[in-house]
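J.: predicted model and sequence follow; I will ask about them next.
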Amino acid sequence: MQIAILAAGQGKRMNSARPKVLHPIAGRPILAHILDTARSLSPRKLCVVYGHGGEQVRAALAAPDVLWAHQAQQLGTGHAVAQAMPLFEDQGSVMILMGDVPLIRPATLAALAAAAGPDRVAVLTVLATDPKGLGRIVRDEAGRVVRIVEDKDATAEERAIREINSGIFCVPAGRLRGWLGKLSNHNAQGEYYLPDIVAMAVAEGIEVIAQQTEHEWETLGINTKAQLAALERIHQHNLAAALLDAGVTILDPARIDIRGELICGRDVEIDVGCVFEGRVELGDDVKLGAYSVLRNVKVGAATRVAPFCHFEDAEIGPSGVLGPFARLRPGTVLAEDVHIGNFVEVKNSQIAAHSKANHLAYVGDATVGSRVNIGAGAITCNYDGANKHRTIIEDDAFIGSDTQLVAPVRVGKGATIGAGTTLTRDAPADALTVSRARQTSFTGWQRPKRLDKK
């Protein structure tokens, strides 16, 4: 099989400088979804017909297995397919997909290909809720497909037909090449309609199969931002339904956004408003609080994440306790039973088992041992204005509140750093290290008073 994806449309109604097929569904371009679906069929050749914003499209989705055919003028779907044909062979079939129909399922396309076989024409159809503006499937008295009529060319009787053409076809390659050469643009839109090949096939005695899908959403295209938003919610609903079927608890399936791959263990619970980007893995019995954002994160079993957390490119061990309002930045690796509390930020740091930073702390470019306590307001001063430096805190250390650890610096095993210390030299193991000014009180001192305005 060879596959052509028609993606040359300008998308004027999107009111955007971005090519239509590069607008995102679930965080990825519309066309990327269709390419993935096409690849699932293992085509011999895969060609994208591009036009408006073509160089942006090619740059965004270039891949070794993708051929590109340029449609300089958009003269209709038949004209678009004709641009791909020089890249195709006459053996086998050509499947034609629409570049703005991102939710079509691989199983649906596999069924279409099977219906077409080696020598039939198969068109994917659906009973539309509102067929206005769409091509109608016209059948004879025996129920056989005889032609497809576009809405603007249809009679009132034909417009009453609910079965519509999705634009997705599977056609014998050699016959397709000949039929494309016979297309005419003598119609209401002055375009070369691909669906006109159906009447040509019938005239030559070639059987035309209307393969009907039960899911209308599979065939919905995107021409406006409103349609983009509607398909986003349909797609998210489908993803949530699959998770629910797998045993994941989602407190409100209407309020979840998966913009990548989400892998969940058993008894995972996801509260409302969570966003998942890239690849996210949630281990068994993970509980994820509301309105948290996770991007390329692995979360160990039995970890509890309170609401409003933001994790990116991080790994969290089992039985962790995080948030609310915790932030893990790239390079963070937390071991078992690590506590990262409210308004604590960790970046490019490794924190060993049973350590805690429960309040208002910054841990950056640090290696933290086991059973370490990092007090409220403590920070690692890892940047000197030009270079990053590392802080090492060994096992069982206690870092007092409002402490600054000026890297590069090492806190020895079992060391205690007194509150308010600015540490600029290594602190020895099992000792108390303090650096603070002597406390002084001035009697009779008064605060400045505000001057009366005249």
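T.: Cool, got the structure. Quick caveat, the model's predicted, so the values are computed rather than measured.

J.: ok, longest helix in the protein?
T.: Ranked by number of residues, the top helix in the chain under DSSP state H is helix 225-245.

J.: so which residue is dead centre in this structure?
T.: Compute the mean C-alpha point of the chain, and by CA atoms, centre = their mean the closest residue is Arg259, 2.5 Å away.

J.: who touches that residue in this structure?
T.: Contacts for Arg259 were tallied using CB atoms under 8 Å, 6 or more residues apart in numbering; they are Pro24, Ala26, Gly27, Arg28, Val275, Phe276, Glu277, Gly278. Just so you know, the C-beta spots here come from the backbone N, C-alpha and C atoms, and that holds for glycine as well.

J.: again, only using 6 Å
T.: Contacts for Arg259 (CB atoms under 6 Å, 6 or more residues apart in numbering) come out as Ala26, Gly27, Glu277.

J.: okay, those residues in CSV with neighbour count, secondary structure and pLDDT next?
T.: Output for the contacts of Arg259, formatted as CSV (neighbours: other CB atoms under 10 Å; DSSP: H, G, I helix; E, B strand; the rest coil; pLDDT from 0 to 100):
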residue, neighbour count, secondary structure, pLDDT
Ala26, 19, coil, 96
Gly27, 16, coil, 95
Glu277, 19, strand, 98
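
J.: for Met85, state which of those is nearest.
T.: Ala26 (32.2 Å; CB to CB).

J.: excluding its backbone neighbours, what's nearest that closest one?
T.: Arg259 (5.0 Å; CB to CB, 6 or more residues apart in numbering).

J.: now Gly323
T.: Here the residue nearest Gly323, using CB to CB, 6+ apart, is Ala306, at 3.4 Å.

J.: for this structure, which spans come out with low pLDDT?
T.: 454 (pLDDT under 70).

J.: what lies in contact with stretch 374-387?
T.: So stretch 374-387 is contacted by 357, 359-366, 388-389, 391, 399-407 (CB under 6 Å, 6+ apart).

J.: next one: Ala229 from Pro24, what distance?
T.: 11 Å (CB to CB, to the nearest Å).

J.: next one: Trp217
T.: Taken as CB to CB, the span from Trp217 to Pro24 is 18 Å.

J.: swap in Leu75?
T.: From Leu75 to Pro24 the distance is 29 Å (CB to CB).

J.: the strands in the stretch 51-200 of the chain, which residues?
T.: Remark: strands assigned in the stretch 51-200 of the chain by DSSP state E, counting those that start in this stretch are 67-70, 93-98, 121-127, 136-139, 145-149, 163-172.

J.: buried residues in the third one?
T.: Put plainly, it is strand 121-127. Val121, Ala122, Val123, Leu124, Thr125, Val126 (16 or more other CB atoms under 10 Å).

J.: got it, and the longest one?
T.: By neighbour count, and taking 16+ other CB under 10 Å as the criterion, the buried residues in strand 163-172 are Glu163, Ile164, Asn165, Ser166, Gly167, Ile168, Phe169, Cys170, Val171, Pro172.
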